[in-house]
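A.B. asks: Model the following, please.
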Amino acid sequence: MSLGKIDSVAVVGPMRLEIGWDDGRVAGVDLREVIAERAALKALREEAEFLRVRMSEDGWSLEWPCGVDFGAPQLRRWADEQAGEIMAPGAFRAWMQRHRLTQEAAAEALGLSRRMIGYYLSGEKPVPKTVLLATRGWVGRIDA
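C.D. replies: Just a heads-up that it's a prediction; the model follows:
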């Protein structure tokens, strides 16, 4: 088993898929927002085209005849974000902005390195559930 490949895909609603991965995880992925925000994905707004989704031969992506494809790692990230298992980079950035935190201050608040904060902000590494929960519970420094 090579963690990350897609084993199965089914359309379960308008712009919504159920995807099975090679580690046994099966999860729903709602693509409505992704498709609505990107002009290049306009073809997928048509139900007939969306229904034509297929796994690539190697299992590393989902493809449509119109030429659109999504890689397995990105689909897994969206599934995990939507399930609350990881935090989206934009949500992490919004938390920092809401609390007026620099990268250094966010690192200190969360007990992480500045480098890791940079990875989260760029999307290079997913923001894990532990950090998601820490941001929800963090209310700022309390000075006694």
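A.B. asks: from memory residue 41 sits against residue 35, does it?
C.D. replies: Yes: contact status for residue 41 versus residue 35: in contact at 4.6 Å, counting by C-beta atoms under 8 Å. C-betas here are computed from N, CA, C, even on glycine.
A.B. asks: right, and residue 16 touches residue 29 too?
C.D. replies: Yes: Residue 16 lies in contact with residue 29 (C-beta under 8 Å); the separation is 7.1 Å.
A.B. asks: Show me which of those two is the more surrounded one.
C.D. replies: residue 29 (24 against 14; other C-beta atoms under 10 Å).
A.B. asks: for the protein, which spans come out with low pLDDT?
C.D. replies: 1-3, 141-144 (pLDDT under 70).
A.B. asks: mind listing the strands for it?
C.D. replies: According to DSSP state E, the chain carries its strands in the segments 6-13, 16-21, 26-30, 54-55, 61-63, 69-71, 86-87, 127-128.
A.B. asks: Can you give the domain ranges for the chain?
C.D. replies: Using automatic domain parsing, the domain parsing of the chain gives 6-82, 86-137.
A.B. asks: okay, the strands of the chain, which one's buried deepest?
C.D. replies: strand 86-87 (a mean of 24; mean count of other C-beta atoms under 10 Å).
A.B. asks: For that strand, name the packing helices and strands.
C.D. replies: helix 72-82, strand 127-128, helix 129-137 (3 or more C-beta pairs under 8 Å, 6 or more residues apart in numbering; DSSP states H and E).
A.B. asks: Tell me the strands beside the second one, with direction?
C.D. replies: The strands beside strand 127-128 in its sheet (DSSP bridges) come out as strand 86-87 (antiparallel).
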